[in-house]
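Enquirer: Please find the sequence and the predicted model below.
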Amino acid sequence: MQNNSALMDIKFNKNEDHNKLLLSDLRKRLVKVKLGGGEKSMAKHRAKGKMTARERIDYLLDKKAKSIEIGAFAGDGMYEQYGGCPSGGVVVKMGYVSGKQCIVVANDATVKAGAWFPITGKKNLRAQEIAIENRLPIIYLVDSAGVFLPMQDEIFPDKEHFGRIFRNNAIMSSMGITQIAAVMGSCVAGGAYLPIMSDEALIVDKTGSIFLAGSYLVKAAIGETIDNETLGGATTHCEISGVTDYKAKDDAAALDKIKSIVDKIGDYDKAGYNRSKAIKPKENPEDMYGILPKSRADQYDMKEIIKRIVDNSEFDEYKEDYGKTIITAYARIDGWAVGIVANQRQLVKTAKGEMQFGGVIYNDSADKATRFIANCNQKKIPLVFLQDVTGFMVGSKSEHSGIIKDGAKMVNAVSNSVVPKFTIILGNSYGAGNYAMCGKAYDPRLIAAWPSAELAVMSGNSAAKVLAQIETASLKKKGETITKEKEAELFKKIKDRYDNQVSPYYAASRIWTDGVIDPLDTRTWISMGIEAANHAPITKPFNMGVLQV
């Protein structure tokens, strides 16, 4: 008979195999999206003497410095009727240019000539949101044919559509946030306003062009015959119209000029978040692959995950023996002081001897988290949420104890936090638990998911049971005979569809998260996120408003 240690080793190895397979799938998916419009489109693009979007960003960013990509899976599996839209047709990275942290946005002209799909607009707005929240300089590398006309009704007129980009240009300018644009290809129609509403604009000779209407449309509209270069090329805009500020002979020269401009930007006012010398975790971070269970229903100790994320594997737990299904703790990540709010996935025992399910938020854990969040705001400590939550506890006992009231307090504290928040989804992210643990709707500065994550109102299994029961009842009302085989077939069909929707890639494709990441990159995301947030001093006090106590 195997002893407990051997059984634990077997379980660890099975978990590790499963999570490394998920990681392998992540890497394969990233390779695919990084091909943009495909090898042929990239070759055609380079034949014009142009770098690809990713090559431009790589050239611009400081070598050997860390960077993170925002929204790599935007558009994944969407717009198949039009041939797809890898990475939403635009590449966004947070990195360093001449030593300064910046957001870089580059249109990918290998994807439908860089045209804007609905998800392209959403991703560009997300990039601007990050720049605004953190007061980061933003650099646009423009190469776009404008709005994707077959879907113009979903990208053109609404509040969060194409026009919001230019409104944000104006807002950022008034806030003193540096914006630099380089026109490295097409820049047409309404899109022409983006570089000109930036602080400084560059244009690449012979490949860059800016105009409200191209030569064909001009001919049709007013009968004038003119070529695109004369109409809106680099010479026209640098020597005649004065629309652009610098002319560059090629992509590399334009990017070098941007580096020089950024190099002279003055220092920023700091928020003053506490940072000391970074220390790597004492426990091996790669153990996380073996700790995180293959089955999302299995238990594990979240504290073991935390030890592999925080500096020196050390943290100071707040109210350790109270509200045990949520862990609240002070720690450091890459030297930055943080307050961690994490779901505990172990079955735990209360002081009264009652058992509480791991991953469920109870009255006492919601109460504890609310108090801890308030403390972090009081002490100006950024918050890190580690999500593996199935929701709030249900049933008469919880309802009579006021679970809705206690849950509302936690949601209120998260909503009104003035310190920056960062969310990592490790496993489940279901229902109101997603909200209380700082889901996308609650303005985390960055939100990322591990390949093991699931986001939905409830689990695929639970949802499929409910939906299958409703469908079965409906068919029976119509007089159909439902056999056990037919019921099982119906359940599987519904579950397969629902499971696709709870995938972290489904969420990432719609920018419900900023990306799907390797667990080992968690420290980098949080550290760069806090560094970015340090550019934006807190300007209002923490106030939770009216609460039912």
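Expert: Cool, got the structure. Numbering: from 1, shown residues only.
Enquirer: Quick check: phi and psi at the spatially closest residue to Ser509 that is not a sequence neighbour.
Expert: Spatial nearest neighbour of Ser509, excluding adjacent residues (CB to CB, 6 or more residues apart in numbering): Asp76 at 3.8 Å. For glycine as for every other residue, the C-beta is placed from the backbone atoms N, C-alpha and C. The phi and psi values for Asp76, taken as degrees, to the nearest 10, are phi -60, psi 120.
Enquirer: distance between stretch 518-535 and the chain's centre?
Expert: 12 Å (CA atoms, centre = their mean, to the nearest Å).
Enquirer: same question for it, mean pLDDT?
Expert: The pLDDT scores in stretch 518-535 average 98.
Enquirer: With stretch 161-179 instead?
Expert: 94.
Enquirer: got the buried residues for that stretch?
Expert: Buried residues in stretch 161-179, counted by 16 or more other CB atoms under 10 Å: 161-166, 168-169, 172, 177-179.
Enquirer: for stretch 527-542, same thing?
Expert: Here stretch 527-542 shows 527-536, 542 as buried, counting by 16+ other CB under 10 Å.
Enquirer: any chance of the residues you listed in TSV, with distance to Asp256 and secondary structure too?
Expert: Listed next are the buried residues of stretch 527-542 as TSV, based on distance: CB to CB, whole Å; DSSP: H, G, I helix; E, B strand; the rest coil:
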residue	distance to Asp256	secondary structure
Ser527	28	helix
Met528	24	helix
Gly529	29	helix
Ile530	30	helix
Glu531	25	helix
Ala532	25	helix
Ala533	30	helix
Asn534	28	coil
His535	25	coil
Ala536	29	coil
Phe542	44	coil
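Enquirer: what two of these have the greatest distance between them?
Expert: For the buried residues of stretch 527-542, the farthest-apart pair by CB to CB is Met528 and Phe542; their separation is 24.3 Å.
Enquirer: Could you list the single helix or strand in this protein with the lowest mean pLDDT?
Expert: In the chain, the helix or strand scored least confidently by mean pLDDT, DSSP states H and E is helix 460-477, which has a mean of 76.
Enquirer: Touching the next helix or strand after that helix from outside, list them.
Expert: For helix 460-477, the following helix or strand on the C-terminal side (DSSP states H and E) is helix 484-502. With CB atoms under 8 Å, 6 or more residues apart in numbering as the contact definition, helix 484-502 has outside contacts at 454-456, 459-461, 463-465, 467-468, 471-472, 482, 506.
Enquirer: tell me the angle of helix 484-502 relative to helix 460-477?
Expert: 140 degrees (axes from the mean of the first three to the mean of the last three CA atoms, to 10 degrees).
Enquirer: Any buried residues in helix 484-502, and which?
Expert: 490-491, 494-495, 498-499, 502.
Enquirer: mind checking how far the spatially most central residue of the chain is from Ala448?
Expert: The residue lying closest to the centre of the chain (CA atoms, centre = their mean) is Asp514, at 1.0 Å. Relative to Ala448, Asp514 is positioned 6 Å away (CB to CB, to the nearest Å).
Enquirer: Ok, Gly359 next?
Expert: Distance from Gly359 to Ala448, by CB to CB: 19 Å.
Enquirer: got it, and Lys122?
Expert: Where Ala448 is concerned, Lys122 sits at a distance of 17 Å (CB to CB).
Enquirer: mind checking the end-to-end distance for stretch 72-86?
Expert: End-to-end distance of stretch 72-86 (CA to CA, to the nearest Å): 8 Å.
Enquirer: Extract the C-alpha set from the least confident helix or strand of the chain and format it as PDB.
Expert: Provided in PDB are the C-alpha atoms of helix 460-477 (Å, rounded to 0.1, in the frame of the first residue of the first chain):
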ATOM      1  CA  GLY A 460     -19.900  24.400 -17.200                       C
ATOM      2  CA  ASN A 461     -21.200  21.300 -15.500                       C
ATOM      3  CA  SER A 462     -23.700  23.300 -13.300                       C
ATOM      4  CA  ALA A 463     -24.800  25.500 -16.100                       C
ATOM      5  CA  ALA A 464     -25.300  22.600 -18.500                       C
ATOM      6  CA  LYS A 465     -27.400  20.800 -16.000                       C
ATOM      7  CA  VAL A 466     -29.700  23.800 -15.600                       C
ATOM      8  CA  LEU A 467     -29.900  24.500 -19.300                       C
ATOM      9  CA  ALA A 468     -30.400  20.900 -20.200                       C
ATOM     10  CA  GLN A 469     -33.300  20.700 -17.700                       C
ATOM     11  CA  ILE A 470     -34.900  23.700 -19.200                       C
ATOM     12  CA  GLU A 471     -34.500  22.400 -22.700                       C
ATOM     13  CA  THR A 472     -35.800  18.900 -21.800                       C
ATOM     14  CA  ALA A 473     -38.900  20.400 -20.200                       C
ATOM     15  CA  SER A 474     -39.500  22.500 -23.300                       C
ATOM     16  CA  LEU A 475     -39.300  19.500 -25.600                       C
ATOM     17  CA  LYS A 476     -41.600  17.500 -23.400                       C
ATOM     18  CA  LYS A 477     -44.200  20.300 -23.500                       C
END
